[in-house]
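> Have a look at this fold, sequence not included:
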């Protein structure tokens, strides 16, 4: 069964096992372009971590617009448990500095007693503000837990323009007027399962709004790619990119962005 929200108790136990076996990691402070370790980035050492989702978020004025918030995240596409994912490595501390933007999987964010991938975290923030329905893009074939293996597979899929078979499907895409599309930046591109998702449906007449997470590479050329793939849709070029280490505190930035593109009053 694919990895979904796991109780924080499991996270804490896994972290103890991981750091007990490996020793205390060396951590760089977040100054300029210095690299953080994955343990620091995942914000799991604090006794009282900040809540990600604010119960008092302003809501969008009700109208007839039907919204879908679709996203792809590594955590929904591996059968590994949280301990395996942590031990499998990640973008901080396990890659050379020059490679850090090559592939950016969703690391872990906490909200209360649940954990989420970075891209899902942003998707949920958008839904908190606007309503609509969440949709996780999930593949039939699991992705590797080991991070280096994931890097290799992501690059190989891009090189051959793979279209992984999807396990999850939108029941009635026609009913949605606005589709938010979230993804991590893999090899300066969208993950190939996102291409599978886009090619499965007709987006003519819809408004498509991209948002992305990465270690720092931003959208790369993906907005231009979306415009070419969906010439009959309105692609909002002012997409939202949040660096992975900033996701947990991005509430206000998400709200400001939604206001700028006219989706929130």
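That came in fine, so what should we check first? Keep in mind it's a predicted model, so treat the numbers as computed, not measured.
> which regions of the stretch 101-250 of the chain sit below the pLDDT cut-off?
101-115 (pLDDT under 70).
> Going by residue numbers, what spans are strands in it?
For the stretch 101-250 of the chain, the strands defined by DSSP state E, counting those that start in this stretch cover 108-111, 114-117, 133-136, 178-184, 207-214, 234-235, 240-243.
> Turn the ones you listed into CSV, including mean neighbour count and distance to residue 144.
Backbone N, C-alpha and C define where each C-beta goes, glycine included. Shown next, in CSV, are these (neighbours: other Cβ atoms under 10 Å; distance: least, Cβ to Cβ, whole Å):
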stretch, mean neighbour count, distance to residue 144
strand 108-111, 22, 17
strand 114-117, 23, 15
strand 133-136, 18, 19
strand 178-184, 26, 15
strand 207-214, 24, 19
strand 234-235, 18, 31
strand 240-243, 20, 24
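> Which one, of the ones you listed, ends up nearest to residue 152?
In terms of Cβ to Cβ, the element of the strands of the stretch 101-250 of the chain nearest to residue 152 is strand 178-184, at 16.2 Å.
> Can you spell out which helices and strands pack onto the closest one?
strand 67-71, helix 118-130, helix 192-200, strand 207-214 (3 or more Cβ pairs under 8 Å, 6 or more residues apart in numbering; DSSP states H and E).
> Give me the angle between the second one and strand 67-71.
Compare the direction of helix 118-130 with that of strand 67-71 by axes from the mean of the first three to the mean of the last three Cα atoms, to 10 degrees and you get 170 degrees.
> Test of understanding: give the bridge partners of the closest residue to residue 180 other than its chain neighbours.
Nearest residue to residue 180, sequence neighbours excluded (Cβ to Cβ, 6 or more residues apart in numbering): residue 69, at 4.4 Å. Counting by DSSP bridges, residue 69 forms beta bridges with residue 134, residue 180.
> Burial check on residue 169, number of neighbours?
By other Cβ atoms under 10 Å, 12 other residues sit near residue 169.
> what's it sitting at in phi/psi?
Main-chain torsions, residue 169, degrees, to the nearest 10: phi -140, psi 140.
> Give me the distance between it and residue 197.
9 Å (Cβ to Cβ, to the nearest Å).
> for residue 219, same thing?
Distance from residue 219 to residue 197, by Cβ to Cβ: 17 Å.
> Which of these two has more residues huddled nearby?
residue 197 (27 against 22).
> Report the contact partners of the more buried one.
Shown in contact with residue 197 (Cβ atoms under 8 Å, 6 or more residues apart in numbering): 70, 72, 137, 166.
> got it, and residue 195?
161, 163, 229.
> Now render these as a markdown table, adding distance to residue 129.
Shown next, in a markdown table, are these (distance: Cβ to Cβ, whole Å):
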| residue | distance to residue 129 |
| --- | --- |
| 161 | 35 |
| 163 | 32 |
| 229 | 27 |
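> Just the buried ones out of those, please.
The neighbour-count test (16 or more other Cβ atoms under 10 Å) applied to these identifies nothing as buried.
> For residue 184, give the beta-bridge partners.
residue 213.
> Equivalent analysis for the one 5 residues further on, please.
Beta-bridge pairing of residue 189 under DSSP bridges involves residue 186.
> how near is it to residue 201?
20 Å.
> of those two, who's got more company?
Comparing residue 189 with residue 201 by other Cβ under 10 Å, the one with more neighbours is residue 189, at 21 against 16.
> excluding its backbone neighbours, what's nearest residue 169?
Closest to residue 169 by Cβ to Cβ, 6+ apart is residue 200, at 7.2 Å.
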